[in-house]
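Enquirer: quick check, what structure comes out for this input:
(4 chains)
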Protein chains: 4
Amino acid sequence: MTKNRLEAFSDGVIAIIITIMVLELKVPHKDDWSALLGLLPVFLSYVLSFVYVGIYWNNHHHLMHTCKRVNGAVLWANLHLLFWLSLVPFTSGWMGENHFASRPTALYGVSLLMPAIAYILLEKAIIAANGTQSMLAQALGSDFKGKISLALYVVAVLISFAAPWAAQIIYVAVALIWLVPDRRIERVLASEHPHD
Amino acid sequence: MTKNRLEAFSDGVIAIIITIMVLELKVPHKDDWSALLGLLPVFLSYVLSFVYVGIYWNNHHHLMHTCKRVNGAVLWANLHLLFWLSLVPFTSGWMGENHFASRPTALYGVSLLMPAIAYILLEKAIIAANGTQSMLAQALGSDFKGKISLALYVVAVLISFAAPWAAQIIYVAVALIWLVPDRRIERVLASEHPHD
Amino acid sequence: MTKNRLEAFSDGVIAIIITIMVLELKVPHKDDWSALLGLLPVFLSYVLSFVYVGIYWNNHHHLMHTCKRVNGAVLWANLHLLFWLSLVPFTSGWMGENHFASRPTALYGVSLLMPAIAYILLEKAIIAANGTQSMLAQALGSDFKGKISLALYVVAVLISFAAPWAAQIIYVAVALIWLVPDRRIERVLASEHPHD
Amino acid sequence: MTKNRLEAFSDGVIAIIITIMVLELKVPHKDDWSALLGLLPVFLSYVLSFVYVGIYWNNHHHLMHTCKRVNGAVLWANLHLLFWLSLVPFTSGWMGENHFASRPTALYGVSLLMPAIAYILLEKAIIAANGTQSMLAQALGSDFKGKISLALYVVAVLISFAAPWAAQIIYVAVALIWLVPDRRIERVLASEHPHD
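Expert: A predicted model of the protein is given here:
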């Protein structure tokens, strides 16, 4: 019950975040292609952010699947994650508006780093509420993927000031790493419910 | 469970898409009818897009009814569909703002073509996850309606540059084709649950 | 299942409509009371529209309670209702922005009349799908309240051009009529589930 | 059923409120840090309001947990709460836009006071519908936390005109008081479902 409402609320917030990002694509007053072309950086920025928010929804979905008990700490760790995700439309818009310049590219990296940290804190809150013998604790193991992502975001933020295009490559690369839903969790779930 | 959350998330995104389109109808500062009349193209564009997004919600609804298993490929095929749908408010606003001129009319056609392709990919992902003997596979058969729609969108995009009004007629015609919920799926569902 | 998703989608759209109306309250750049006072008509307009959309949510809720079967006609009658409701933020904003002038007040009346008609069509679609012996058919009877509301909206639209304040009084009066959830439906429901 | 839909609708509205607040963070056209720094007051205002709306969601969640019967009075008391919450993005934006000046700080306090009153009315409506022997009636007892919050909001509103920074301290302090989910309710729930 509590878990269902947590999922429904998170889905609602994530659905709104993913959709209001498109509002940054301001409808041009002129009808020529150049007006449209001027929106290309904002559009590319939107595509990248759509994929990232989609990844969070996807992983959140898998994460909650492993969660049986929800307490106050989990509720707030979840709101903390949603807070950082809610800033992605802003940083994404700033990056697109300024054609992937150094500073917006760095801030975008920070806005990816913060929900990544918040996600790890949420995992810890769920493990604390459900026990270290829980499905999630087993599924995550040492969480190599989570740790490497954090490191890559930090590298991207730093490299933004020298070569923002390199930071963009890292953002795309990390997205590709996560695009595949977490096999570790899927594997443990499958072994618990073999006929699911 | 996974399927319910996929439906809930899709409903959320589609509900937001269908509602933020109305934000393109900017409240005029003057209170005369001419101020209102100037919004007529944006309004007509809104009506058409509302019907299209409504059709997608309706068909998505029927499609998910036939889906028993959801995997990672289905989740991402679904997000891919939502991505293209999320661009409809933008293309719809651009078309209305520019009084159904050639280029915005062509782009609007592209923005209908892409979710149509994404919908077919979603159907394929669901069939792949549920088996070719599944309800959906039987219900769709050769999918004449889906294929003819794709062809009509392509024709409309091309014809936009010569006669945008002809493209508009095609958009309205395709909407009418789909307005009726998919009898094929309804028939197969009815034969499986005759007393439903 | 189908009914649940219809309710969830309607709730989503209504929740967005009721919330985006507040975006018409544009944050003033100055911090004095007069800046705030200038927003009073928009605020009053928001309060009235919030109550109206709240009434629709409330009655929609009761209406769906009586509905056991959902078909294509019900889905589209419901989308038709949501379409007209989605225009309320626009007409409400126009009325507030123009300090309850004649023409915006008349259009606001039309934007209340249309969902009222759509609601009656939805009731008819539900009765057609569920049978004339269904709970709803019994509960509604001759639907005096629905018919009197329609008549009052028409009067208000016409009177707007002579005395917009009289139209506002009618809008408030009709809201008060509906504020109380529909006892007829509650009574029939109570007699079917006496211990609910 | 009725309760589920009430929760779902409230979650939807609260999710939208919490997310549209971020739209006040307007994407700057320039890419320098000073453009970003100019948004700091709006950002801080957003953080505070995010926490407050998060607290309401959290407490609403706990409150509904204790509610078994929903009637018309509960539905409207709930909409009344949502109405006042829907104004928080506006007052929050005004306060941030004007760098925590006296008048916006006072109005922000009013916009926290009103949902606090509405929340108490909702509690009363739920107790009236569920009986004074209900879980909630026992859990709340004399509701010291609710009463002290009201008093603090009133103090903050008054003090805003002399020392707006003191009002801000009070807003943060009250947020901290509520950040912890209501132990009273959790305790009573735990004693009723010891193995939940």
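
Enquirer: show me the contacts for residue A:12.
Expert: B:12, C:12, D:11, D:12, D:15, D:16 (CB atoms under 8 Å, 6 or more residues apart in numbering or on different chains). Just so you know, the C-beta spots here come from the backbone N, C-alpha and C atoms, and that holds for glycine as well.

Enquirer: for it, which non-adjacent residue is spatially closest?
Expert: residue D:15 (3.4 Å; CB to CB, 6 or more residues apart in numbering or on different chains).

Enquirer: the closest residue to chain B within chain A sits in which helix or strand?
Expert: Of all residues in chain A, the one sitting closest to chain B is residue A:15 (3.5 Å; CB to the nearest CB). Element membership for residue A:15 (DSSP states H and E) is helix A:2-20.

Enquirer: any idea how far whichever helix or strand comes after that helix is from the chain center?
Expert: Counting by DSSP H and E, the element after helix A:2-20 in chain order, helix or strand, is helix A:33-37. Relative to the centre of its chain, helix A:33-37 is centred 30 Å away, using CA atoms, centre = their mean, to the nearest Å.

Enquirer: what about dumping the CA coordinates of helix A:33-37 to PDB?
Expert: Written as PDB, here are the backbone C-alpha positions of helix A:33-37 (Å, rounded to 0.1, in the frame of the first residue of the first chain):
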ATOM      1  CA  TRP A  33      13.800  25.800 -41.500                       C
ATOM      2  CA  SER A  34      16.400  28.100 -40.000                       C
ATOM      3  CA  ALA A  35      14.100  28.900 -37.100                       C
ATOM      4  CA  LEU A  36      13.800  25.200 -36.500                       C
ATOM      5  CA  LEU A  37      17.500  24.600 -36.900                       C
END
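
Enquirer: so what touches it?
Expert: A:28, A:29, B:94, B:103, B:107.

Enquirer: biggest helix in chain A, by residue count?
Expert: If you go by DSSP state H, chain A has its longest helix at helix A:102-130.

Enquirer: show me what that one is packed up against.
Expert: helix A:40-65, helix A:72-86, helix A:88-97, helix A:135-140, helix A:144-160, helix A:164-179, helix D:33-37 (3 or more CB pairs under 8 Å, 6 or more residues apart in numbering or on different chains; DSSP states H and E).

Enquirer: 7 Å - rerun?
Expert: helix A:40-65, helix A:72-86, helix A:88-97, helix A:135-140, helix A:144-160, helix A:164-179 (3 or more CB pairs under 7 Å, 6 or more residues apart in numbering or on different chains; DSSP states H and E).

Enquirer: now, of these, which is deepest in the fold?
Expert: Highest mean neighbour count among those (mean count of other CB atoms under 10 Å in any protein chain shown): helix A:88-97, with a mean of 26.

Enquirer: which bits of chain A sit near chain B?
Expert: A:7-8, A:11-12, A:15-16, A:18-19, A:22-23, A:25, A:27-29, A:31-33, A:50, A:54, A:57-58, A:61, A:180-181 (CB under 7 Å from any CB of the partner chain).

Enquirer: tell me the buried residues within the residues you listed.
Expert: Buried by 16 or more other CB atoms under 10 Å in any protein chain shown: A:7-8, A:11-12, A:15-16, A:18-19, A:22-23, A:25, A:27-28, A:31, A:50, A:54, A:57-58, A:61, A:181, out of these.

Enquirer: where among the helices and strands packed on helix A:102-130 is average confidence lowest?
Expert: Lowest mean pLDDT within the helices and strands packed on helix A:102-130: helix A:135-140, a mean of 66.

Enquirer: returning to what we had before: any idea of the mean pLDDT in the longest helix of chain A?
Expert: On average, helix A:102-130 scores 92.

Enquirer: identify each buried residue in that helix, please.
Expert: A:102-116, A:118-130.
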